[in-house]
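Student: I would like to see how this sequence folds:
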Amino acid sequence: MFDHPDFDAHEKVLFVNDAATGLRAIIAVHSTALGAAAGGCRLWSYAADADALTDALRLSRGMSYKNAMADLPMGGGKSVILGPVASEKREAVLEAFGRAVDTLSGQYITAEDVGVSVADMQIVARTTKHVSGLSAAAGKSGGDPSPFTARGVRVGIESAVRARLGRTELAGLSVAVQGLGHVGMYLCQELNEMGANLIVADINPARVSEAQMRFGAVGVSVDDILTQPVDVVAPCALGGTITEYVARYIRASVVAGAANNQLLTAEAGRILGERGVLYAPDYVINAGGIIMVQGEISGDNDADLIRARVDAIGPRLDAIFATAKSDNVITNEVADSMARVKLDAARRMRARIAA
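Tutor: Numbers count the residues shown, from 1 in each chain. Coordinates of the predicted model:
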């Protein structure tokens, strides 16, 4: 594993095999320099076990960068449960996963992600207290972080179209949304309320039909969604969809979506930059959910305050876009550099305190 191309000085990687329930999972803790590693749990059926490890390593590193860039007192971690999980075993598997999280004694705090719901996290909470995204009290944020993620992406799209297109509003903007899960559908709602025109795609035809009915969206094939002639492409499905090939044929002026690890390779980002396509670094624009989760963990989760913190994603992207333009550097490299500076400073501070 130490030679894995996505191993990035991760502090801890836990492989879990629970024979009694059939749970197979990986928990990756990338960094605790800024605090306990926080990041969701993904349940997915991978083509190969090695793909699950790659996902955990990349996603956990992305969470370190995301939390650092959002100025949150949390490190980065992620977990994946290898599917499929039979419905009759799901409860036992989730309880076993909670026990595995608990062995880390608070070094990792889990929450929902792709394939995992708030109800699932409530089951996980039976066997560990190191879980968030459970419920919301009146006037407080909590529960499903998806609406906050979507809000942050909408704010980020506003920033990106100002920088790239000189537009100050979303009315009449054309946006292609790839993936209509919780976040993708909430994003469609946000964009529709602002007057944007939507083109959508999802592997589930029922989700496409719902978006068509609720938002007047136009449905297209999942194979064609990323190359639609639109103003903005918003990847909201799994990561790695912006390959070098796709980057060469995207016809949008902006790529700004909710998915993690949207760029399959660094070269894909360079191709976008060379073609004048403005890329909103994913772990900056999609931080709304973890901002909500951190508020829930700390107890500082007044709903208005959390929304204000999510809205700060816009100015943060404004600064990245301005630096990229002035220094003639692509946006993902600017964001990566800024995140590493923050993490390195935190590591040095922690080392001084320990000494």
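Student: distance between the ends of stretch 257-267?
Tutor: Stretch 257-267 has its terminal residues 19 Å apart, counting by CA to CA, to the nearest Å.
Student: List the buried residues for it?
Tutor: The neighbour-count check on stretch 257-267 (16 or more other CB atoms under 10 Å) flags 257-264 as buried. In this view, the C-beta of every residue, glycine as well, is placed from N, C-alpha and C.
Student: now, among the residues you listed, which is nearest to Gly288?
Tutor: Within the set of those, Ala258 lies nearest Gly288; the separation is 8.7 Å, counting by CB to CB.
Student: follow-up on the earlier one: in TSV, list the buried residues of stretch 257-267 along with secondary structure and distance to Asp144.
Tutor: What follows is these, written out as TSV (DSSP: H, G, I helix; E, B strand; the rest coil; distance: CB to CB, whole Å):
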residue	secondary structure	distance to Asp144
Gly257	coil	18
Ala258	coil	14
Ala259	coil	17
Asn260	coil	17
Asn261	coil	22
Gln262	coil	22
Leu263	strand	27
Leu264	coil	28
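Student: Quickly check these for the two that are furthest apart.
Tutor: The widest separation within those (CB to CB) is 16.7 Å, between Ala258 and Leu264.
Student: Give the other helices and strands that the lengthiest helix in the chain contacts.
Tutor: Longest helix of the chain, by residue count under DSSP state H: helix 331-354. If you count contacts as 3 or more CB pairs under 8 Å, 6 or more residues apart in numbering; DSSP states H and E, helix 331-354 packs onto helix 49-69, helix 266-274, strand 278-279, helix 282-285, helix 313-327.
Student: helices or strands up against the fourth one?
Tutor: Read it as helix 282-285. Identification of packing neighbours for helix 282-285 by 3+ CB pairs under 8 Å, 6+ apart yields helix 49-69, helix 146-165, helix 313-327, helix 331-354.
Student: okay, those helices in a markdown table with mean pLDDT next?
Tutor: Shown next, in a markdown table, are the helices and strands packed on helix 282-285 (pLDDT from 0 to 100):
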| stretch | mean pLDDT |
| --- | --- |
| helix 49-69 | 95 |
| helix 146-165 | 97 |
| helix 313-327 | 97 |
| helix 331-354 | 91 |
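Student: For Ile285, find the nearest of these.
Tutor: Nearest of the helices and strands packed on helix 282-285 (CB to CB): helix 146-165, 3.6 Å.
Student: ok, now which ones touch the residue most central in space within the chain?
Tutor: Nearest to the centroid of the C-alpha atoms of the chain, with distances taken as CA atoms, centre = their mean, sits Asn260, at 4.2 Å. For Asn260, the contact set (CB atoms under 8 Å, 6 or more residues apart in numbering) comprises 58-59, 62, 239, 282-283, 286.
Student: and the buried residues of stretch 257-267 as JSON lines, adding pLDDT and distance to Pro315?
Tutor: Converted to JSON lines, those look like this (pLDDT from 0 to 100; distance: CB to CB, whole Å):
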{"residue": "Gly257", "pLDDT": "98", "distance to Pro315": "19"}
{"residue": "Ala258", "pLDDT": "97", "distance to Pro315": "19"}
{"residue": "Ala259", "pLDDT": "96", "distance to Pro315": "22"}
{"residue": "Asn260", "pLDDT": "92", "distance to Pro315": "22"}
{"residue": "Asn261", "pLDDT": "92", "distance to Pro315": "24"}
{"residue": "Gln262", "pLDDT": "96", "distance to Pro315": "21"}
{"residue": "Leu263", "pLDDT": "96", "distance to Pro315": "23"}
{"residue": "Leu264", "pLDDT": "94", "distance to Pro315": "29"}
